[in-house]
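Undergrad: turn this into a structure:
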Amino acid sequence: MSHFWISKGTRRLFRLTLTATVVASVAIAALAAGSASALSGKAINIGTPYDSGQPAVAVDGSGNAYIAWANTDDLAGASNFVQYCVIAPGGTGCKYSGNLYPADSAAYVDGVQVQVDGSTIVILADVYGAAGQDAGDYAPEQEWQSTDGGASFSIVDGGLSVADGILSADTGPIGAVVLPGGDLGYGWDSAASFLPGGGAPPSFNAFPLTSPGECSTEKCDGAAVNNEALPLPFAILQPDTDQDQVSNVSGAFVAQQGTATAPPLPAAPTGGVLGIFNTLFSNGNLGCSGSDNFGLDYVYGTGAQSATNNYNLSPGTADSAWKVPVTLADCGVEYLAAAGGVSGFGVLEDNENNATVDYLAVEPTTEKFDTPRVTVLSGHGEEDSALSQDGSGDIYGTYLWGGEGGPLELSYSPIIPGVDGHAGAPAGTAWSSAPLQSDTGGDVSDPTSAVGSDGQGWAVWTDNGSVFAQQFDAADAIVPSEVEAATSSSATSTGSTVSITVSCSSPCTVTITVDVPQASSASVSLKSKKAKLLKLSSGKFSLKAGVKTDLKLKLDKAGEKLFALDHDKLKASLLVDTKNAFGKFSVTRELKITKPTKKTKK
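TA: Numbering: from 1, shown residues only. Just a heads-up that it's a prediction; the model follows:
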């Protein structure tokens, strides 16, 4: 089943409604002139590592998917390594694939990340267990780059670690981003710390795309540097004096390139970085009261990386790019995913109190999550969510709906354009959802997804030792069987006009056409394939959201004559072409046009 939601959690089926004597209830069709007849891709087995880490995926502007994962099978005692696969749009297998082995015989790999940075494809892997004499120079972050579309990858700086945010042996990777301006960044969190206050805050390290230089546990280790009373080479994102410390939790970092310009949101700063964390505190600065203490916490920075706007400097420090340290944003939510882009920053979350999947956006002028929470899908929660924006600012989310076992659901939210002075609505206020992978047997695990600037998306997951990928786009959020309409069989006319009342739940453009067979009479069936149609009336109208509008279509001379000859009962064909934020669709129905019923005087 497909699901349609709009604004502040209120459920409304997106439909065109013709009321009074003609009523049409139309579900959203595909995003092209025709309706979607099938998913844009089928699941493709791209590798069978038998044991693997969480797959990662990035998509370029042409819809090519770059997928990588850690092979942790340790077959015949071998160490972990990274496997990758490049799939072109419409592909049925890997265009390019290969294995990447960590330098200095590092035995363990996790936290594999893939990023598209202009024409460079970047694979990052968190590694440990290097065996050489200089093992500390090769951990924790090794990098590979491709400048030929994934045909080949080369290790950066011979495998010397390019980034570090390690505060203790219990520090783990959260994720990588492409910073505004093209530099890279990587974030970590920790279960323990050697900082003076004993805190365990998250950390973040920014580094150049080209010639990054070594930043490793040997040269950049937080504990070692702090013991020597030297400045930390990376940012600490929360004061270690806070009562509640983000430690050893799930989280993510996402970036926004350039200014967010999607109307009607105000313009955001020139790009930035959002970090989110899922915590569980009942009091203190990150505490959530009530029966569910799960909280959404965030850290926020803006601008391109530079010496005077530095993501390696902690919040509150002069020249730091971080504007908001770790701060509580929402309560009663978990299984978080975030995305940034033309439509600003937003988070997909599982609402534990209402059993709904929700979307919450950052208000760019206040740098806070103080926009209304929007219901994406109701009836179940979600797990393993991922969120993306395309180049237009439309938003795509994937997740296991109902938790472990699935199905893997796709949700889509476009920017709703304004009509006749109406401001429209930003992406994130109206959602359409449908199953992307309907397997509910619990075999789909570790799903994630990404969408390119052109709206081409790829979902990736593991299933019984294999890694699968599936292509999708916005049309896959709509189920074709729901593109149906039910209209009444009559309309009213004074003999010179046809009156119809129309409303759309989102701003739309409606074209209405009334035709009859050329040899029309009440006995002529519109189902006859030989009947030639004569256009009696047509009109095109722009409608605001949720406003019932009385539309009058003028009958031409032929229509007036036919209406009079047919004893005020003219059998006609009604064609309704509708265009709204979700695309174009058409509905055709047979109807009778009669005189209006006279009102009885009291």
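
Undergrad: quick test: name the residue nearest the centre of the chain.
TA: What sits nearest the mean C-alpha location of the chain, by Cα atoms, centre = their mean, is residue 396, with 2.6 Å.

Undergrad: a strand runs through that residue, doesn't it?
TA: Yes. Using DSSP: H, G, I helix; E, B strand; the rest coil, the assignment for residue 396 is a strand.

Undergrad: my read: it touches residue 414, true?
TA: No. Assessed by Cβ atoms under 8 Å, residue 396 is found out of contact with residue 414, at 10.0 Å. (Each C-beta comes from the backbone N, C-alpha and C, glycine too.)

Undergrad: which residues of the stretch 351-500 of the chain score low on pLDDT?
TA: 418-424, 478-491 (pLDDT under 70).

Undergrad: in the stretch 101-250 of the chain, which spans are strands?
TA: Using DSSP state E, counting those that start in this stretch, the strands found in the stretch 101-250 of the chain span residues 108-117, 120-128, 141-146, 154-155, 172-178, 184-189, 203-207, 235-236.

Undergrad: which secondary structure elements does the fourth one contact?
TA: Under the contact criterion of 3 or more Cβ pairs under 8 Å, 6 or more residues apart in numbering; DSSP states H and E, strand 154-155 touches strand 141-146.

Undergrad: didn't residue 434 look like it was pressed against residue 408?
TA: No. In this structure, residue 434 is not within contact of residue 408 by Cβ under 8 Å, at 10.7 Å.

Undergrad: now the strands of the stretch 101-250 of the chain in JSON lines, with mean neighbour count, distance to residue 40 and mean pLDDT?
TA: Listed next are the strands of the stretch 101-250 of the chain as JSON lines, based on neighbours: other Cβ atoms under 10 Å; distance: least, Cβ to Cβ, whole Å; pLDDT from 0 to 100:
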{"stretch": "strand 108-117", "mean neighbour count": "21", "distance to residue 40": "20", "mean pLDDT": "96"}
{"stretch": "strand 120-128", "mean neighbour count": "24", "distance to residue 40": "23", "mean pLDDT": "97"}
{"stretch": "strand 141-146", "mean neighbour count": "24", "distance to residue 40": "26", "mean pLDDT": "98"}
{"stretch": "strand 154-155", "mean neighbour count": "13", "distance to residue 40": "33", "mean pLDDT": "98"}
{"stretch": "strand 172-178", "mean neighbour count": "22", "distance to residue 40": "26", "mean pLDDT": "94"}
{"stretch": "strand 184-189", "mean neighbour count": "27", "distance to residue 40": "31", "mean pLDDT": "95"}
{"stretch": "strand 203-207", "mean neighbour count": "25", "distance to residue 40": "36", "mean pLDDT": "96"}
{"stretch": "strand 235-236", "mean neighbour count": "26", "distance to residue 40": "40", "mean pLDDT": "94"}
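
Undergrad: out of those strands, which is closest to residue 340?
TA: Closest approach to residue 340 among the strands of the stretch 101-250 of the chain (Cβ to Cβ): strand 172-178, 8.8 Å.

Undergrad: picking up where we left off before, list the contacts for the residue nearest to the centre of the chain?
TA: For residue 396, the contacting residues are 387, 388, 389, 390, 410, 411, 412, 449, 451, 457, 474, by Cβ atoms under 8 Å, 6 or more residues apart in numbering.
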